[in-house]
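1. Sequence first, then the predicted structure:
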Amino acid sequence: MKKAFTLIELLVVIAIIAILAAILFPVFAQAKEAAKRTACLSNAKQLGLSQKMYSTDNDDVLPIFHAYNTTPAPWTDGHFGTEMLLLPYCKSKEIFKSPLDSGGPYLAVDPGLTSRPSDTYWKAYGSSYRFSKCNFTVVQNFSRQNDAPVTYGWVVTDTQYTDPANTRSIRLEMMPWFEKKNDPNCTIYGYDCGYYKSWSSIAGTVVFADSHAKSMASRGAFDNSLVDPAGHKSSELTGTGAPYDDTYYWRCD
């Protein structure tokens with residue numbers, strides 16, 4: 001005669017399965033995020049090489065800065081995006097898409113996206129990566145940010161850098177330390193006041209002016225990295241004392 005499971009034995013088995021699931025699911029989630037960070041870093045390395053190849057072909061001049069433009073849409077004729085200038089060198093628009101990119105709260109209210117809802121920064125603006133304006137050429141009344149021309153300008157060349165290996169020129173849009181607990185008044189990084197969404201709790205990718213890329217896991221390393229050809233640190237005071245221009249993060253990022 002076959003012996004059936006008792007209720008107690010069945011409950012024990014279910015409990016064991018539940019315990020194993022509780023142990024293993026976080027491990028699987030961590031492994032999945034680690035794979036995404038690796039792919040993000042690979043994309044960033046190609047972006048670094050692309051910007052270097054662009055400057056080599058253009059008398060050492062860095063590409064023109066554009067950011068957060070929605071009209072015309074990314075990857076269409078007339079779109080203002082630094083990624084459009086780098087595309088011929090990396091050959092694939094997917095390079096500008098980080099697998100960590102899960103969008104952010106502002107995408108739901110950006111006026112330029114009302115007719116085409118977007119769930120990633122790549123889909124909304126053409127890039128999951130932020131191009132640092134101090135490390136790209138800004139053309140007055142031509143470079144655009146948020147669909148409006150900027151009123152200042154400068155030319156950046158590779159030969160201007162005092163320390164290219166430590167100067168960040170591109171970074172992942174959402175860095176873990178941008179969250180409110182590190183910036184309660186939204187005056188240090190300016191993200192967790194309607195813009196921030198956690199893409200990774202561990203690290204964010206950074207590309208440097210000499211074209212190398214790395215995964216940065218420290219807020220201190222980010223604040224102490226250089227952000228312009230002259231070699232100013234991100235957290236260094238500009239001396240103006242003006243809101244959103246009191247540090248070189250605000251002036252350059």
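-> That came through, no problem. Numbers count the residues shown, from 1 in each chain.

2. Which parts of the stretch 51-200 of the chain are helices?
-> 82-90, 121-125 (DSSP state H, counting those that start in this stretch).

3. For these, give me JSON lines that also has mean neighbour count, distance to residue 243 and mean pLDDT.
-> For every residue, glycine as well, the C-beta is placed using N, CA and C. JSON lines is the format used below for the helices of the stretch 51-200 of the chain (neighbours: other Cβ atoms under 10 Å; distance: least, Cβ to Cβ, whole Å; pLDDT from 0 to 100):
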{"stretch": "helix 82-90", "mean neighbour count": "20", "distance to residue 243": "26", "mean pLDDT": "96"}
{"stretch": "helix 121-125", "mean neighbour count": "24", "distance to residue 243": "24", "mean pLDDT": "98"}
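
4. can you tell me which of these comes nearest to residue 153?
-> helix 82-90 (14.8 Å; Cβ to Cβ).

5. Which residue ranges of the chain form strands?
-> Using DSSP state E, the strands of the chain run over residues 129-131, 144-145, 148-149, 168-172, 204-208, 213-216.

6. contacts for the second one?
-> Applying Cβ atoms under 8 Å, 6 or more residues apart in numbering, the set of residues contacting strand 144-145 from outside is 65, 66, 67, 68, 69, 80, 133, 150.

7. could you redo the last one with a cut-off of 6 Å?
-> Applying Cβ atoms under 6 Å, 6 or more residues apart in numbering, the external contacts of strand 144-145 come out as 66, 67, 68, 69, 80.

8. Also the first one?
-> For strand 129-131, the external contacting residues (Cβ under 6 Å, 6+ apart) are 65, 82, 170, 171, 173.

9. most surrounded residue in the residues you listed?
-> Neighbour counts for the contacts of strand 129-131, by other Cβ atoms under 10 Å, peak at residue 82, which reaches 28 neighbours.

10. Not counting its neighbours along the chain, what's nearest residue 197?
-> Once flanking residues are discounted, residue 197 sits nearest to residue 104: 4.2 Å by Cβ to Cβ, 6 or more residues apart in numbering.

11. Leaving out sequence neighbours, find the closest residue to residue 222.
-> Per Cβ to Cβ, 6+ apart, closest to residue 222 is residue 216, 5.8 Å.

12. Make a markdown table from the contacts of strand 144-145 and add neighbour count and pLDDT to it.
-> What follows is these, written out as a markdown table (neighbours: other Cβ atoms under 10 Å; pLDDT from 0 to 100):
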| residue | neighbour count | pLDDT |
| --- | --- | --- |
| 66 | 26 | 98 |
| 67 | 20 | 97 |
| 68 | 21 | 98 |
| 69 | 23 | 98 |
| 80 | 23 | 98 |
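
13. what's the closest of those residues to residue 20?
-> Set against residue 20, the nearest of those by Cβ to Cβ is residue 68 (45.0 Å).

14. Can you point out the buried residues in stretch 154-174?
-> Using 16 or more other Cβ atoms under 10 Å as the test for burial, stretch 154-174 gives 154, 156, 158, 160-161, 164, 167-174.

15. Return the closest of those residues with respect to residue 111.
-> For the buried residues of stretch 154-174, the minimum distance to residue 111 (Cβ to Cβ) is 19.2 Å, reached by residue 173.

16. farthest-separated two in the contacts of strand 144-145?
-> Between all members of the contacts of strand 144-145, the farthest pair (by Cβ to Cβ) comes out as 68 and 80, at 9.7 Å.

17. Mind putting the strands of the chain into TSV with distance to residue 95?
-> Supplementary listing: these in TSV, determined by distance: least, Cβ to Cβ, whole Å:
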stretch	distance to residue 95
strand 129-131	9
strand 144-145	22
strand 148-149	27
strand 168-172	12
strand 204-208	12
strand 213-216	12
